[in-house]
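Visitor: fold the following, please.
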Amino acid sequence: MPANKPANQSAVSVLGLGMMGTALAAAFLGAGHPVTVWNRSPAKTGPLIAQGALPADTAADAVAASPLVVVCLLTNDNFEELLATLTEDVAGRTLVNLTNGTPAQARELAAWAAEHGAQYIDGGIMAVPQMIAGPHAYVLYSGDEQAYETHRPTLAALGATRWTGTDPGLAALQDLALLAGMYGMFTGVLQAFALVRTENIPATEFSELLVPWISAMLSGAPELAKAIDSGQHLTDVSSLAVNQAAFPNFLTTFRDQGISGELFEPIQALLDRAVDQGHAADGLSRLADLLTVRS
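Guide: Sure thing, here's the model as predicted:
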């Protein structure tokens, strides 16, 4: 069982040892930090103990062991359930929540932490477990800025640190925005593979065309961003009217080739709405305005 007092300022406890939590704990160990680990299923602590981590019998013991407590669970509902058992234990600790969640949840958790005498930092991990501690991994953080600055050298063991602001919900917001871009991209990739497969074209072969094409198209994202920020959506590249006229070709071909068009049907509806509202001459950037729900 770990000691009741943190050994030093660079000590860290990691609660939750799924694939990501295990990678986080291993990164802290690799950077030379004293690490205490806890998981509901104690068997998962074995590999980390072999690397030098200290096991905690309970979550409360893990919290007591370090000034910095990093939590990585499946959902924020799991995190809230865990916190309910730690109301008397978190005072004076910095809680870093690297569990995927919503901005609203982050703000609620920050308020809970403040009520119980703890500092709260929310985070969004922009990496898969295998990337942790590598050159391309980074983590978004928001919340208690003083606590973040205090523990930033320790958190840097996971990857680059990117501060998003004192609003605890900002890291989750940008995390989900980045993931939205990723899911949108892979949705299109999977639709493309499904389409070429109908004519027995191997996905691996087609990917040689698809990857450079997507990369080239992504280079236009900064121009879309400028148009969205400025509100100037007129374009001489590809208007919404042109896109609306061409888009039925996708849905017709999907149907003719025997694959579902359910991923693309909402795009047709959005294009139709944009043109109906008088935005025919605008570029695709205009669609961001249509996606904004105004009360």
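Visitor: so which bits of stretch 183-194 are buried?
Guide: Buried positions in stretch 183-194, judged by neighbour count with 16 or more other C-beta atoms under 10 Å: 189, 191, 192, 193, 194. For the C-beta atoms, the positions are set from N, CA and C on the backbone; glycine is no exception.
Visitor: so how far is it off the chain centroid?
Guide: 19 Å (C-alpha atoms, centre = their mean, to the nearest Å).
Visitor: what's it in contact with?
Guide: Outside stretch 183-194, the residues within contact range by C-beta atoms under 8 Å, 6 or more residues apart in numbering are 203, 206, 207, 210, 214, 254, 259, 263, 264.
Visitor: what's the neighbour count on the fifth one?
Guide: The one in question is residue 214. For residue 214, the neighbour count with other C-beta atoms under 10 Å is 14.
Visitor: residue 131 versus that one, what's the distance?
Guide: 20 Å (C-beta to C-beta, to the nearest Å).
Visitor: on that earlier part again, adding pLDDT, distance to residue 27 and secondary structure, write the buried residues of stretch 183-194 out as CSV.
Guide: Below are those laid out as CSV (pLDDT from 0 to 100; distance: C-beta to C-beta, whole Å; DSSP: H, G, I helix; E, B strand; the rest coil):
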residue, pLDDT, distance to residue 27, secondary structure
189, 97, 29, helix
191, 97, 36, helix
192, 98, 35, helix
193, 98, 34, helix
194, 97, 37, helix
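Visitor: so who does the residue most central in space within the chain touch?
Guide: By C-alpha atoms, centre = their mean, the mean C-alpha position of the chain lies nearest to residue 175, the distance being 3.7 Å. Taking C-beta under 8 Å, 6+ apart, we find residue 175 in contact with 100, 124, 125, 126, 140.
Visitor: so the fourth one makes contact with residue 134?
Guide: No: taking C-beta atoms under 8 Å as the contact criterion, residue 126 and residue 134 are not neighbours in contact, 11.7 Å apart.
Visitor: got any residues that touch both of those two?
Guide: Counting by C-beta under 8 Å, 6+ apart, the residues touching both residue 126 and residue 134 are residue 159.
Visitor: where exactly do the strands run in the stretch 151-295 of the chain?
Guide: 160-165 (DSSP state E, counting those that start in this stretch).
Visitor: pLDDT weak spots in it?
Guide: For the stretch 151-295 of the chain, the stretches flagged by pLDDT under 70 are 294-295.
Visitor: now residue 282: closest residue in space, sequence neighbours ignored.
Guide: In space, and not counting its chain neighbours, residue 282 is closest to residue 233: 3.9 Å by C-beta to C-beta, 6 or more residues apart in numbering.
Visitor: from what I can see that neighbour touches residue 280, true?
Guide: No: at 11.1 Å, residue 233 does not count as touching residue 280 under the criterion of C-beta under 8 Å.
Visitor: just name the closest of the buried residues of stretch 183-194 to residue 88, please.
Guide: residue 189 (48.9 Å; C-beta to C-beta).
Visitor: quick one, helices of the stretch 1-150 of the chain?
Guide: 19-30, 46-50, 59-65, 76-83, 103-115, 145-155 (DSSP state H, counting those that start in this stretch).
Visitor: quick one: contacts of the longest one?
Guide: Where contact means C-beta under 8 Å, 6+ apart, the residues beyond helix 103-115 that reach it are 76, 79-80, 83, 90, 95, 97, 101, 119-120, 122, 142-144, 167-173, 176.
Visitor: the same query, at a cut-off of 7 Å, please.
Guide: Identification of contacts with helix 103-115 by C-beta atoms under 7 Å, 6 or more residues apart in numbering yields 76, 83, 90, 95, 97, 119-120, 122, 143, 168-169, 171-173.
Visitor: now swap in stretch 24-34 and tell me
Guide: Residues contacting stretch 24-34 (C-beta under 7 Å, 6+ apart): 7-8, 10-12, 14, 17, 35, 37, 48, 51-53, 70, 72, 98, 132-133, 154, 157-158.
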